[in-house]
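S.K.: Okay, here's the prediction I keep looking at, along with the sequence it came from:
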Amino acid sequence: MGALPWGYVVLFLRRGIDIREYGSGRTGMSNALRTAGMKLAGVVLLLDLVKGMGAVFLARALIGDPTSEVAAGLMALVGHNWPVFLSFRGGRGIAPGLGSLAVMSPLSAICGVVVFLPICLITRYLSLGSILGVLSACVVLVALILSNLYLIYALLGGGVIIWQHKDNIQRLLNGTERRIGNPAARIE
């Protein structure tokens, strides 16, 4: 499930383009927004959220323990970020990571979104909102201590997502990060 590259599929089917040839070269919602606009980015976001949620719901239904939920969430994240179908070049994991977390700890996911939205609206930096949203969701999950296994998901999944944003972090520090509304250019 994780390796289904929805950003690639949606933009190829609707626009006839390979999203990896534009902007960041990633397949996630941010690059879809810059490349194809809000409507198609919304479709990509929804499908990637459902990808993470579906993996955890499926593990819960078939196996029924937190270990399987954490494994399914992490595999959805890994598959999204490094999809075998696209030579291991995918997204950064925000949407499937949030989808998985929403099933395991809805309150943590809500808190992450509550931090994400105003940061993005005020600064117009999706990456900054994403990073701070992930960090806040992890802090809330640690404070709730629902399950030690869910803590593993928060630390590993959150760590992977933050690591995937290392180039964004560098651009934020350098003052060169792209803001919401900046269209993606074709990669030469």
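M.R.: Noted; the coordinates are in hand. Residues are numbered from 1 along each chain as shown.
S.K.: Could you give the separation of the helix or strand that Ser127 is a member of from the chain centroid?
M.R.: Element membership of Ser127 [criterion: DSSP states H and E] is helix 126-144. Relative to its chain's centre, helix 126-144 lies at 12 Å (C-alpha atoms, centre = their mean, to the nearest Å).
S.K.: For this protein, which helix extends over the most residues?
M.R.: helix 38-62 (DSSP state H).
S.K.: contact partners of it?
M.R.: 1-2, 4, 6-7, 10-11, 14-15, 28-30, 32-33, 68-69, 71-73, 75-77, 80, 91, 95-104 (C-beta atoms under 8 Å, 6 or more residues apart in numbering). Every C-beta, even on glycine, is put in place using the N, C-alpha and C of the backbone.
S.K.: what helices or strands is the helix holding Ser127 leaning on?
M.R.: helix 29-36, helix 94-104, helix 106-123, helix 148-164, helix 166-174 (3 or more C-beta pairs under 8 Å, 6 or more residues apart in numbering; DSSP states H and E).
S.K.: Centre of the chain to the shortest one, how far?
M.R.: Right, the one you point to is helix 29-36. On C-alpha atoms, centre = their mean, the centre of helix 29-36 falls 13 Å from the chain's centre.
S.K.: What is it packed up against?
M.R.: Counting by 3+ C-beta pairs under 8 Å, 6+ apart, helix 29-36 packs on helix 6-15, helix 38-62, helix 94-104, helix 126-144.
S.K.: about what we covered before: please pull up the helix or strand immediately following the longest helix of the chain.
M.R.: Trace forward from helix 38-62 with DSSP H and E and the next one is helix 66-81.
S.K.: Need the contact partners of that next one.
M.R.: For helix 66-81, using C-beta under 8 Å, 6+ apart, the contacting residues are 1-5, 28, 48, 51-52, 54-56, 58-60, 62, 90-93, 95-97, 99-101, 103-104, 147, 149-150, 152-153, 156-157, 160-161, 164.
S.K.: Please list all residues in contact with Thr35.
M.R.: 11, 17, 19, 22-23, 183-184.
S.K.: Top of those by number of neighbours, please.
M.R.: Ile19 (30 neighbours; other C-beta atoms under 10 Å).
S.K.: Spatially nearest residue to that one, not counting backbone neighbours?
M.R.: Computed as C-beta to C-beta, 6 or more residues apart in numbering, the closest residue to Ile19 that is not its neighbour in sequence is Leu11, at 4.5 Å.
S.K.: wait, doesn't that neighbour sit right on Leu33?
M.R.: No. Look at Leu11 against Leu33 with C-beta atoms under 8 Å: they stay out of range, at 11.0 Å.
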